[in-house]
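> sequence isn't available, so here's the structure alone:
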């Protein structure tokens, strides 16, 4: 108990011995460091974004925009602003020098964090499958597809340069394993509607392109 009292007295003396500017920088550094740490823990726990599995259908023209004004980047700015100001004043430099260097360090941290988040968002977007790129693509039946949309089968089809296994239905006759198909429509629940792909043009007898 006596030890805690002595520590409290020492901290009070240390705090009162700081200039007003130094106290402000310490306050900013401590508060935003705590927020930065909490944000980091939430990120590790997977609570900072969506983590659902499966295939998502993207809208055409979806883009990831770069923005420095996000919660992460603002917290990073004030964290580095505070600690830089603490270090500069602790080395005996002027308040204006501390504010200038702290601002530069904060802006650098803000844009670095914003850029990293921008690149992560690009990677996430590029890893999301756009089913609309499957339209009119040829493929092959993997598991037989019942006729007249009475059930689902599976097909192998190339989407965005990767061979995918997708659920599929057809409005025509049953499609057997190994038959060539073409994707004609994107349905709900990431299901493809397919039809048989004729290898030869019925009028000219030449292969279809």
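Everything's here; your move. Treat the numbers as computed from the prediction; the structure is a model and nothing was measured.
> helix, strand or coil for the nearest residue to residue 135 once chain neighbours are set aside?
In this structure, residue 135 finds its nearest non-sequential neighbour in residue 183, 5.7 Å apart by CB to CB, 6 or more residues apart in numbering. In this view, the C-beta of every residue, glycine as well, is placed from N, C-alpha and C. Three-state assignment for residue 183 (DSSP: H, G, I helix; E, B strand; the rest coil): strand.
> and the strands in this protein?
138-143, 153-159, 162-169, 180-187, 191-196 (DSSP state E).
> which stretch among the ones you listed approaches residue 35 most closely?
Nearest of the strands of the chain to residue 35, taken as CB to CB: strand 162-169 at 39.8 Å.
> elements contacting that closest one?
Judged by 3 or more CB pairs under 8 Å, 6 or more residues apart in numbering; DSSP states H and E, the packing partners of strand 162-169 are strand 153-159, strand 191-196.
> can you list the strands that that strand pairs with?
Here strand 162-169 has these sheet partners by DSSP bridges: strand 153-159 (antiparallel), strand 191-196 (parallel).
> one step back: now the weakest link among the strands of the chain, please, by mean pLDDT.
Here those differ in mean pLDDT, and the lowest is strand 162-169 at a mean of 87.
> got the domain ranges for this structure?
Taking automatic domain parsing as the domain assignment, the ranges for the chain are 19-47+54-126, 132-196.
> turn those domains into TSV, including distance to residue 11.
Shown next, in TSV, are the domains of the chain (distance: least, CB to CB, whole Å):
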stretch	distance to residue 11
domain 19-47+54-126	11
domain 132-196	59
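> of those domains, which is nearest residue 12?
That would be, of the domains of the chain and by CB to CB, domain 19-47+54-126, which comes in at 12.3 Å.
> gap between the closest one and the chain center?
Between the centre of domain 19-47+54-126 and the centre of its chain there are 17 Å (CA atoms, centre = their mean, to the nearest Å).
> any weak-confidence spans in this protein?
Along the chain, the parts satisfying pLDDT under 70 run over 1-9, 46-69, 121-129, 199-209.
> tell me if I'm right that residue 137 and residue 160 touch.
No - the pair residue 137 and residue 160 fails to qualify as a contact (CB atoms under 8 Å) at a distance of 10.1 Å.
> neighbours around residue 145, how many?
Look at residue 145: counted by other CB atoms under 10 Å, it has 28 neighbours.
> how close does it get to residue 162?
21 Å (CB to CB, to the nearest Å).
> just to revisit the earlier point, select, out of the domains of the chain, the one closest to residue 10.
Of the domains of the chain, nearest to residue 10 by CB to CB is domain 19-47+54-126, at 15.3 Å.
> now the helices for the chain?
2-16, 20-44, 71-90, 95-126 (DSSP state H).
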